[in-house]
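**Q** need the 3D shape of this:
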Amino acid sequence: MYCEICGRPIEGEPVPVEVDKAVLYVCRSCAARYGKKVFSQVPQQRGAPPPRPRRAPAPRPPPVELELVENYGEVIRRARENLGLARETLAVMLGIKETVLRRIEAGQLQPDISLAKKLEKTLGVKLLVEAQDEGGVKGGGRVERGLTLGEVAEIREDGEE
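**A** Below you'll find the predicted structure:
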């Protein structure tokens with residue numbers, strides 16, 4: 001335990017003293033200088049509760065990048081028509097305006113991921129696929145390299161313009 005006035009470790013029993021109507025537990029030297037001695041129970045040292053063993057959080061897989069299929073508008077329109085739904089009815093079911101749905105079906109507007117998921121669930125179609133890196137790694141684990149600056153730039157000899 002530490003002295004509540006000077007902060008030094010208390011050797012032996014702490015001494016309770018009253019300073020400005022507050023009871024402090026102090027070392028003997030501070031008890032002789034400050035406040036008046038109070039005769040009460042010495043507090044039990046409260047140690048911090050033993051730390052609970054922490055489990056390391058399970059590693060999360062990296063987030064999967066999703067993108068819309070290439071002909072998403074046509075897929076949505078065909079699925080809606082196969083279910084016999086009017087555009088207005090589907091828009092109400094999804095909580096969007098009919099004009100927004102019309103533009104999505106026409107391919108003029110890409111739905112965000114949450115709306116695409118709603119469309120998939122409502123229509124029973126697949127609209128979202130994992131994003132494919134363009135370039136990057138090709139089949140067989142080979143890395144395809146792009147053009148270098150030297151291959152693109154025309155190298156001139158000194159003095160030529």
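**Q** quick one, helices of the protein?
**A** Using DSSP state H, the helices of the chain run over residues 28-33, 72-82, 87-94, 98-105, 113-123, 149-152.
**Q** want to throw these into JSON lines with mean pLDDT and mean neighbour count?
**A** All C-beta spots, glycine's among them, are computed from the backbone N, C-alpha and C. Putting the helices of the chain into JSON lines (pLDDT from 0 to 100; neighbours: other Cβ atoms under 10 Å) gives the following:
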{"stretch": "helix 28-33", "mean pLDDT": "82", "mean neighbour count": "15"}
{"stretch": "helix 72-82", "mean pLDDT": "93", "mean neighbour count": "17"}
{"stretch": "helix 87-94", "mean pLDDT": "93", "mean neighbour count": "16"}
{"stretch": "helix 98-105", "mean pLDDT": "94", "mean neighbour count": "17"}
{"stretch": "helix 113-123", "mean pLDDT": "92", "mean neighbour count": "16"}
{"stretch": "helix 149-152", "mean pLDDT": "65", "mean neighbour count": "7"}
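**Q** between those helices, which one is nearest to V64?
**A** Closest of the helices of the chain to V64 is helix 113-123, at 10.8 Å (criterion: Cβ to Cβ).
**Q** returning to that earlier point: dump the helices of the chain into a markdown table; add distance to A22 as well.
**A** Below are those laid out as a markdown table (distance: least, Cβ to Cβ, whole Å):
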| stretch | distance to A22 |
| --- | --- |
| helix 28-33 | 14 |
| helix 72-82 | 71 |
| helix 87-94 | 65 |
| helix 98-105 | 67 |
| helix 113-123 | 57 |
| helix 149-152 | 75 |
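**Q** quick one, which of the ones you listed gets closest to E13.
**A** helix 28-33 (9.2 Å).
**Q** what about the residue lying closest to P16 once chain neighbours are set aside, distance to E4?
**A** Spatially, and ignoring its direct neighbours in sequence, P16 is nearest to V38 (4.5 Å; Cβ to Cβ, 6 or more residues apart in numbering). To E4, V38 is 13 Å away according to Cβ to Cβ, to the nearest Å.
**Q** what of P57?
**A** P57 is 39 Å from E4, by Cβ to Cβ.
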